[in-house]
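*Asks:* mind folding the following:
(4 chains)
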Protein chains: 2
Amino acid sequence: MRAGARRGDATRQVILDAAEQCLAAGDFDGVSLRTISEAAGVDIALVNYHFGSKESLVEEVTERRARDVHDARVLALEEARHRAGTAPPDVDAVVTAFLEPWLKRISSGDVGWQNYNRLLCRLTMMPKYLPLVSKLLDPTALHFINALRAALPKASQESIYWGYMFLLGAVVQIMAGTGRIEQLSRGLCTTDDINAAMREIVPFVCHGLRSLERTDIAV
Amino acid sequence: MRAGARRGDATRQVILDAAEQCLAAGDFDGVSLRTISEAAGVDIALVNYHFGSKESLVEEVTERRARDVHDARVLALEEARHRAGTAPPDVDAVVTAFLEPWLKRISSGDVGWQNYNRLLCRLTMMPKYLPLVSKLLDPTALHFINALRAALPKASQESIYWGYMFLLGAVVQIMAGTGRIEQLSRGLCTTDDINAAMREIVPFVCHGLRSLERTDIAV
DNA sequence: GTCTATAGCTTGATAGAC
DNA sequence: GTCTATCAAGCTATAGAC
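*Replies:* As a prediction, the model looks like this:
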């Protein structure tokens, strides 16, 4: 490997990290390549040289970490299956397998994971990026929807999908880091304390999901 | 009232409606005043004449409907209090008072309410707009957080705030209309069928919220 | 109140020297 | 692989005629 290539790889990483950070903090289309290149301490022309376009940059930023989380989640679910023996893993096990790998990475101290997360939450809210979001997350989603189906055999097909979206919604609302809960609770709660958030969210969604098997509840 | 003033008012409404629609469909900063003025069928200069700036336009678009929902929700909660007698309204009553007025407006056939909703969901995900979101929604939020506190006396202060955010997250995930559940369920579920969504979401969040009173659940 | 015209700026992207 | 210089296109906002 030539010295130039090594230097180029380093530049790529610096740009990817800066993009991750800027996109997590700002509002996507409001974040310019100039902002990103300045944060990276790199000339703006290099962004286009290495990534071709802004769109490709966003893709690379997200894809970089998506596969890793997916694999860890699938593995966690596999382990839960092993622990459960012949019966399928219950709701708590499925939810935990879904959230644990995520939580672990966020609280790892690597600020990149926190940025990736915020970015991804923001991304899922924008119709424009639905194709990218689907490419990144559909495999994981369908995998865990299947697991939820097995854990909640009495729930309807539709209910499982709705339940997955509610689970996602609760998590996204916390992970996006909008500052809203800090504002409402006047600092009592903070999304920076991921462990506290997880402690609350797991029982909430597990109880919610289990209720999907009941059909005798009127609105 | 002069004819000119009446015409000006009509233009204002046309612009507000178009802005509501464009902002609901697109990604906020990606939506230009040109897009909005073209959708409204008016000259772009009129947008600045009537609203002064893009920021003010966004404010007016949101504030236009925010007060109405707030009032309806407070009234619904008041009625629930009356029905409940001496005891405070239970979780189901509080959640229903929160969601019913919203649901009613969305399914009223007025497409403006649907646009307003999507727009608002999108807005809550962008840190940049936290001040506006707080101004619009904090009164409602704190009002219902108080009601939840009364309905869940054994839950901790923190849990109530978290629970409110989870409730919000589940609703936002559905209302934002990102097309994700349609994609995942291959058309089986759709956020256009608000009634179906509501039928699923109410029991989910009510069970989730009630679980906040329990403290014996390990992560 | 409305429209034309345009100022002044920022954007993403590229051509060419090194 | 990196940097300077610059492009065309888009944006918000405004000044002035009608």
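*Asks:* what is the strand or helix carrying A:V47 packed up against?
*Replies:* Counting by DSSP states H and E, the element that carries A:V47 is helix A:44-51. Counting contacts by 3 or more Cβ pairs under 8 Å, 6 or more residues apart in numbering or on different chains; DSSP states H and E, helix A:44-51 is packed against helix A:3-25, helix A:33-40, helix A:54-84. Placement of C-beta: from N, CA and C, glycine included.
*Asks:* could I get that helix in PDB with only the CA atoms?
*Replies:* C-alpha atoms of helix A:44-51 as PDB (Å, rounded to 0.1, in the frame of the first residue of the first chain):
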ATOM      1  CA  ILE A  44     -14.000  20.900   0.800                       C
ATOM      2  CA  ALA A  45     -12.900  19.600  -2.600                       C
ATOM      3  CA  LEU A  46     -11.700  16.400  -0.900                       C
ATOM      4  CA  VAL A  47     -15.200  15.500   0.100                       C
ATOM      5  CA  ASN A  48     -16.300  15.300  -3.500                       C
ATOM      6  CA  TYR A  49     -13.100  13.600  -4.500                       C
ATOM      7  CA  HIS A  50     -13.500  10.800  -2.000                       C
ATOM      8  CA  PHE A  51     -17.300  10.400  -2.000                       C
END
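*Asks:* list the buried ones in the worst-scoring helix or strand of chain A on mean pLDDT?
*Replies:* Across the helices and strands of chain A, mean confidence by mean pLDDT, DSSP states H and E is lowest for helix A:3-25: a mean of 87. Buried residues in helix A:3-25, counted by 16 or more other Cβ atoms under 10 Å in any protein chain shown: A:11-12, A:14-25.
*Asks:* likewise stretch A:22-41?
*Replies:* Neighbour count says stretch A:22-41 has A:22-28, A:31, A:33, A:35-37, A:39-40 buried, by 16+ other Cβ under 10 Å.
*Asks:* who's in contact with the helix holding A:V47?
*Replies:* Helix A:44-51 is contacted by residues A:8, A:11-12, A:15, A:33-34, A:36-38, A:57, A:60 when judged by Cβ atoms under 8 Å, 6 or more residues apart in numbering or on different chains.
*Asks:* output the residues you listed in JSON lines, with distance to B:F144 appended to each entry.
*Replies:* Shown next, in JSON lines, are the contacts of helix A:44-51 (distance: Cβ to Cβ, whole Å):
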{"residue": "A:G8", "distance to B:F144": "54"}
{"residue": "A:T11", "distance to B:F144": "50"}
{"residue": "A:R12", "distance to B:F144": "47"}
{"residue": "A:I15", "distance to B:F144": "44"}
{"residue": "A:L33", "distance to B:F144": "42"}
{"residue": "A:R34", "distance to B:F144": "42"}
{"residue": "A:I36", "distance to B:F144": "39"}
{"residue": "A:S37", "distance to B:F144": "44"}
{"residue": "A:E38", "distance to B:F144": "42"}
{"residue": "A:L57", "distance to B:F144": "41"}
{"residue": "A:E60", "distance to B:F144": "42"}
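*Asks:* out of those, which two sit at the greatest distance?
*Replies:* The two members of the contacts of helix A:44-51 with the most space between them (Cβ to Cβ) are A:G8 and A:R34, at 20.7 Å.
*Asks:* any residue of stretch A:185-199 touching chain B?
*Replies:* Yes - Stretch A:185-199 lies within reach of chain B by Cβ under 8 Å from any Cβ of the partner chain, at A:185, A:188-189, A:196-199.
*Asks:* surely A:E63 meets A:L136?
*Replies:* Yes - the pair A:E63 / A:L136 is scored as a contact, 6.8 Å apart, by Cβ atoms under 8 Å.
*Asks:* neighbour count winner among these two?
*Replies:* A:L136 (22 against 12; other Cβ atoms under 10 Å in any protein chain shown).
*Asks:* which positions in chain A make contact with DNA strand D?
*Replies:* Within chain A, the positions lying close to DNA strand D (Cβ under 7 Å from any atom of the strand) are A:4-5, A:7-8, A:10-11, A:42-46, A:49-50.
*Asks:* check contacts around the closest residue to A:D43 other than its chain neighbours.
*Replies:* Using Cβ to Cβ, 6 or more residues apart in numbering or on different chains and skipping residues adjacent in sequence, the residue nearest A:D43 is A:S37, 6.5 Å away. For A:S37, the contact set (Cβ under 8 Å, 6+ apart) comprises A:15, A:18, A:43-44, A:46-47.
*Asks:* remind me which residues of chain A are low pLDDT?
*Replies:* Judged by pLDDT under 70, chain A has its weakly predicted residues at A:1-5, A:215-219.
*Asks:* just the element for the most centrally placed residue in chain A, please.
*Replies:* What sits nearest the mean C-alpha location of chain A, by Cα atoms, centre = their mean, is A:N117, with 4.8 Å. Following DSSP H and E, one finds A:N117 within helix A:111-123.
*Asks:* show the subsequent helix or strand relative to that helix.
*Replies:* Criterion used, DSSP H and E; the element after helix A:111-123 is helix A:130-151.
*Asks:* may I see the buried residues of that next one?
*Replies:* Under the neighbour-count criterion of 16+ other Cβ under 10 Å, helix A:130-151 has A:130, A:132-134, A:136-137, A:140-141, A:144-145, A:147-149, A:151 buried.
*Asks:* closest one of the residues you listed to A:A93?
*Replies:* Of all the buried residues of helix A:130-151, the one sitting nearest A:A93 is A:A151; the distance, using Cβ to Cβ, is 7.6 Å.
*Asks:* from A:R210, how far out is that closest one?
*Replies:* 9 Å (Cβ to Cβ, to the nearest Å).
*Asks:* also A:I44?
*Replies:* Applying Cβ to Cβ, the value for A:I44 to A:R210 is 52 Å.
*Asks:* give me the more crowded residue out of these two.
*Replies:* A side-by-side neighbour count of A:I44 and A:R210, using other Cβ under 10 Å, places A:R210 first with 20 against 15.
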